[in-house]
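Colleague: Can you look at this prediction? I've put the sequence above it.
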Amino acid sequence: MTLKKAALYVRVSTLHQIDKDSLPFQRQELKNYAKYALGIEDFEIFEDAGYSAKNTDRPEYQKMMRRIRAGEFTHMIVLKIDRISRNLKDFSEMYEELKDYKITFVSKNEQFDTSTAMGEAMLKIILVFAELERKITAERVFAIMLSRAEKGLWNGATVPIGFVWSEEEKFPVADPEEAKVVQYVYNLYEQLRSTLKVAYRLNEEGVKTKRGGQWTAKTVRDILRNPFYIGTYRYNMRESEGSRRLKDEKEWVVVENNHPITVSKEQFKRVNQLLSDNYRGLTDVQRADIHKHIFSKMLYCGKCNALLTSGLDSARKDGYRPSRYTCVTAGRSKRCSNYVSDIIIGPFVFNYMSNLIRLQERITPKHSTRDMERALLRGNSFIDAVGIDNDALKETYFALTHGMPGHEYSLAADNDNIVPNLEIERLQKEIAKYGKALTRLEDLYLFGEEGISQKDYIFKKRDLQERLEEIEVDLNALQQKSEENMSDAFIDNAQHFLITKEMQQARHVDHRELSDVVGREALSDFVHTAIDNIVILDKRVQSITFKNGITHTFAYKSLLKSESVASTRMLFRKYEDAVLTYLKENGPASRAILQKTTNLSRHGIYALLSELMKRQLVVKTGQSTLTRYHYNEKTT
């Protein structure tokens, strides 16, 4: 006979609920019902105090469901079904899940349990009426709010910068000091014509936002687009609170000349015309810089070693046109299909260089090459990277730390000849070493007592004979090279470039924002000063060769032929942060973009998005090719 164990769930909407629905009352009622009506002695109580039933985002409820999924209970018992949810969709999903786990649902007051057909039918009928009551109440409240808005009355929202709430007026009124900031923002935009440049200037000057935080392009744009500053009050614009999806304009409530203005209507019109022109890419500044390709003449094909040609990719919805780099053999007899876009290569290269710049300021002789590798691959741009070639890490470590005790670290050694000479000596030793490695590698990986790491095996597994030939080529080239060093030019140019301080301070560098601030030409000059060439394979950065001859080669998960498929739950934990971070920073995105961001398969990204939507972290809008996934702000 199967032992019975019940999960007793109690909830009240407020901490001051009337006695008949209080937590102590519910607890005692459910204990008695479990013991004397159902004969269940083993039970556990889950309590949520002060949570409404509009959704299931409640801590104890979620804890209970996790333990139900783990198979700890045979029954779920509540006083009334509205203790669980008044939302038919939420309750139906929960009930279907209970059925999957063969859990009996019991509601004491309605006197039914789902172990019988009649009990299951009555449950669904009652829930339909519970949701109907909730919707009728919501419609009444919404009608009252619309009526208030049409009269120009405040219905509650975040008070914009430039205004403060007035208890006397029951409406936001102008704040003289904040109003000066708003006017300054409008004036700056007319001068700089870039929301990102305005944000940078405000942050440099120490101007604070409404909440005392940092300015971003979005916070600037929100101010410039907000007609509240010219006396216009708008309500009922969006599908729901926090949503970006707009309703039909016929449903909007717009009251003009509702309150005193803080910005002239003429300036508001000029600024918004500039914003619209920028959105469509019509400004002279954009036209002058749009044909500059950041990575021109430095990208090489990892399949056929050909130079990738540069061109403009199709325009995105916001008017941005990234560069597209395509193998020159595409369309010829070889039919090489290798290509990459700024959207993919930009985040990788600039975040890698940013990590390298920060590393050279912090590394000490006490750090290991493993510490250095973790620092270089920190961030979502490298989520699918296994690691960096060990030999390259050792070279870089030497370049960063050799001969400079007690001084600030830079990428230069005391003697400019040390790094090239060391490289020549190392390459000569490697020629002998790789000959022996050819016969030992497979036995070491498969049968060695200690074995070697997965990352090391990826690199060593490659065609070692081809590596020997590459070493010979590198050796000859290095002997002919002038004694140039990455350090001085790299850091000097970096410091000049760091007008935005992004490369040095931000944990994540947005190359599009950098491009808006300093232009593509400045970005291109910076990259070409530090990097000699980049090899691209399968839309990924296979290697980066710096000006001092050091090549950083990267390994990715997909290179493992025997790579096992992780469980779905492991996949969610591994990639969900990358998806949520991307949506928070970049706004709504298509499945294809999120798939590129994570390097997941089509099936994998759909499975991940389905799980995130189920947990209400992500919401979906649109259909077919217009489908977009949004970060759910309500969860924060």
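Modeller: Structure's in. What do you need? Just so we're clear, the structure is a prediction, and the values are computed from it rather than from any experiment.

Colleague: residue contacts, the residue nearest to residue 178 when sequence neighbours are not counted?
Modeller: Among residues not flanking residue 178 along the chain, residue 162 sits closest, at 4.7 Å (CB to CB, 6 or more residues apart in numbering). (Glycine included, C-beta is placed from N, CA and C.) By CB atoms under 8 Å, 6 or more residues apart in numbering, the residues touching residue 162 are 174-175, 178-179, 181-182, 229, 262.

Colleague: Let me know the closest of those residues to residue 619.
Modeller: Residue 619 lies nearest to residue 229 out of these, by CB to CB, at 29.9 Å.

Colleague: Test my guess that the closest one contacts residue 259.
Modeller: No. Assessed by CB atoms under 8 Å, residue 229 is found out of contact with residue 259, at 10.0 Å.

Colleague: Could you check which of these two is surrounded by more residues?
Modeller: Set residue 229 next to residue 259 and count neighbours by other CB atoms under 10 Å: residue 229 wins out with 26 against 19.

Colleague: which residues touch the closest residue to that one other than its chain neighbours?
Modeller: Leaving aside its sequence neighbours, residue 229 sits nearest to residue 263 (CB to CB, 6+ apart; 4.3 Å). Listed by CB under 8 Å, 6+ apart, the contact set of residue 263 reads 182-183, 186, 229-230.

Colleague: Does residue 263 fall in a helix, a strand, or a coil region?
Modeller: Put simply, residue 263 is coil when judged by DSSP: H, G, I helix; E, B strand; the rest coil.

Colleague: So what does it look like in phi/psi?
Modeller: The phi and psi values for residue 263, taken as degrees, to the nearest 10, are phi -130, psi 140.

Colleague: now it: how far from residue 182?
Modeller: Distance, residue 263 to residue 182, using CB to CB, to the nearest Å: 6 Å.

Colleague: Touching both of the two, which residues are there?
Modeller: Residues touching both residue 263 and residue 182 (CB under 8 Å, 6+ apart) are residue 229.

Colleague: picking up where we left off before, state the pLDDT value of the residue nearest to residue 229.
Modeller: Among the per-residue scores, residue 263 shows a pLDDT of 91.

Colleague: same deal with residue 294?
Modeller: Per-residue pLDDT puts residue 294 at 88.

Colleague: other SSEs contacting the helix or strand hosting residue 29?
Modeller: In this assignment (DSSP states H and E), residue 29 forms part of helix 23-32. Applying 3 or more CB pairs under 8 Å, 6 or more residues apart in numbering; DSSP states H and E, one finds that helix 23-32 contacts strand 5-12, strand 42-49.

Colleague: Let's have these in CSV, adding distance to residue 616.
Modeller: Output for the helices and strands packed on helix 23-32, formatted as CSV (distance: least, CB to CB, whole Å):
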stretch, distance to residue 616
strand 5-12, 18
strand 42-49, 16
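
Colleague: Just name the most buried of the ones you listed.
Modeller: Ranked by mean neighbour count, the helices and strands packed on helix 23-32 are led by strand 5-12 with a mean of 23 (mean count of other CB atoms under 10 Å).

Colleague: For this protein, which helix extends over the most residues?
Modeller: Assignment by DSSP state H gives helix 117-150 as the longest helix of the chain.

Colleague: circling back: distance of the residue nearest to residue 229 relative to residue 528?
Modeller: Relative to residue 528, residue 263 is positioned 43 Å away (CB to CB).

Colleague: care to break the protein down by domain?
Modeller: Following automatic domain parsing, the chain resolves into domains at 5-146, 163-279, 343-416+483-559, 568-635.

Colleague: and residue 36, helix, strand or coil?
Modeller: Using three-state DSSP as the criterion, the local structure at residue 36 reads helix.

Colleague: For burial, what's the neighbour tally of it?
Modeller: Residue 36 - counted by other CB under 10 Å - has 9 other residues nearby.

Colleague: Could you list the low-pLDDT ranges of the stretch 251-400 of the chain?
Modeller: Filtered on pLDDT under 70, the stretch 251-400 of the chain yields the residue ranges 278-291, 316-319, 330-335.

Colleague: And the helices in it?
Modeller: Assigned helices in the stretch 251-400 of the chain, in chain order: 265-279, 284-289, 342-362, 369-376, 390-401 (criterion: DSSP state H, counting those that start in this stretch).

Colleague: would TSV of those helices with mean neighbour count be doable?
Modeller: Output for the helices of the stretch 251-400 of the chain, formatted as TSV (neighbours: other CB atoms under 10 Å):
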stretch	mean neighbour count
helix 265-279	14
helix 284-289	13
helix 342-362	21
helix 369-376	17
helix 390-401	20
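
Colleague: Indicate which one of the ones you listed is closest to residue 611.
Modeller: Closest among the helices of the stretch 251-400 of the chain, using CB to CB: helix 342-362, at 24.5 Å.

Colleague: I figured residue 4 hits residue 72, correct?
Modeller: No. In this structure residue 4 lies outside contact range of residue 72 using CB under 8 Å: 11.7 Å.

Colleague: Compare those two and say which is more crowded by neighbours.
Modeller: Set residue 4 next to residue 72 and count neighbours by other CB under 10 Å: residue 4 wins out with 16 against 12.
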